[in-house]
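Visitor: Fold the following.
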Amino acid sequence: MEQAGIETGISLQGFVPVRKDPHERSEMVTQVLFGEYVDIDDEAGLWLHIRTHLDQYEGWVDKKCIYWTEQIHAAAYYVCRENIRIRNLTDGYSVILPIGSSVPELAEGRFDLGGKQFSVGDTSSLAKPGALSAETLFTGLVSVPYLWGGRCGYGFDCSGLTQFLCRINGKEIPRDASDQSGIGQTLSFMEEAQTGDLAFFDNTEGMIHHVGMMAGKDRIIHASGMVRIDKIDQQGIYNEELGRYTHKLRVLKRI
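Guide: As a prediction, this is how the structure comes out:
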């Protein structure tokens, strides 16, 4: 779909790495998950410069990994408990959808996307936005590896995790921790915090560099080395295994 030089593409893979520069050795800054759309505004050899529809993130993707499309379908379900396998009936192969990816409305277990038809055999890991509280997912996410730029069940960075947990709860937030800290209602005291609130942490320069989601009054789920649940108080995150604080609390927000 072309509008003033902009074309629309879609990911039909579990995830597509989005890189800072147009080559494979460049750092991955985020991912485009299955069923997500991008605007394509530039091209460099085998690479496309894209901007994600979801959060307006920009970067470069391998041209082979994006399909041009003229139709946009809203996400109806998110993969929320375990990575699932679906079947590309058009091309005759399977696709593994990681936690965090989305599919449109189903008709008898099938859907069309990007000019292809897919079938879903097991829908037990699919949920509509807002149908599940983020809290019900916490335990199943623990031990998922930390991955810079990751925002799915193969690996999360800190803000990719909180973005996913908010999305499952029907709330869309920005991609990066610093941008996430700019929205929502500021809480004055730790005692006001409840499950689902976001906690932000700063570095020695006073810059926001980490985020997690409250998992009760004194626990937090966050991605640091892996997705984990740690103690938190007014000072910050306390890692009981290390016997010390690992992140200094800056601000609490209710989205």
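
Visitor: Quick check: which element contains the closest residue to residue 110 other than its chain neighbours?
Guide: In space, and not counting its chain neighbours, residue 110 is closest to residue 119: 4.9 Å by CB to CB, 6 or more residues apart in numbering. The way it works is simple: take the backbone N, C-alpha and C, and place the C-beta from them, glycine included. Here residue 119 sits within strand 116-120, counting by DSSP states H and E.

Visitor: And the contacts of the host helix or strand of residue 162?
Guide: Using DSSP H and E, residue 162 sits within helix 158-168. Outside helix 158-168, the residues that touch it by CB atoms under 8 Å, 6 or more residues apart in numbering are 30-31, 55, 78, 80, 99-100, 127, 129-130, 132, 134, 137, 141, 146, 149-152, 156, 172-177, 180, 196, 198, 210-213, 221-224, 227, 255.

Visitor: Past that helix, which element shows up next along the chain?
Guide: helix 177-180.

Visitor: which is the next helix or strand following that next one?
Guide: strand 185-187.

Visitor: related to what we said a few turns ago, now, the contacts of helix 158-168 that are in helices?
Guide: Judged by DSSP state H, the subset of the contacts of helix 158-168 located in helices is 141, 177, 180.

Visitor: Can you redo these as CSV, where the extra columns are distance to residue 186 and neighbour count?
Guide: CSV is the format used below for the ones in helices among the contacts of helix 158-168 (distance: CB to CB, whole Å; neighbours: other CB atoms under 10 Å):
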residue, distance to residue 186, neighbour count
141, 26, 22
177, 15, 23
180, 13, 22
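
Visitor: Closest to residue 22 out of the residues you listed?
Guide: For these, the closest approach to residue 22 (CB to CB) belongs to residue 177, at 25.7 Å.

Visitor: Pick out the residue closest to the middle of this structure.
Guide: residue 151 (3.5 Å; CA atoms, centre = their mean).

Visitor: Could you tell me which residues make contact with it?
Guide: 30-31, 33, 100, 157, 160-161, 163-164, 175.

Visitor: Which residue comes closest to it once chain neighbours are left out?
Guide: residue 160 (3.2 Å).

Visitor: Can you find the helix or strand of the chain with the lowest average pLDDT?
Guide: strand 2-3 (a mean of 41; mean pLDDT, DSSP states H and E).

Visitor: Alpha carbons of the following helix or strand past that one, in CSV - could you do that?
Guide: As assigned by DSSP H and E, the chain's next helix or strand after strand 2-3 is strand 6-11. C-alpha atoms of strand 6-11 as CSV (Å, rounded to 0.1, in the frame of the first residue of the first chain):
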residue,chain,number,x,y,z
ILE,A,6,5.4,5.2,2.0
GLU,A,7,4.6,1.5,1.7
THR,A,8,3.2,-0.9,4.3
GLY,A,9,4.7,-4.2,5.2
ILE,A,10,4.0,-7.0,7.7
SER,A,11,6.0,-9.6,9.6
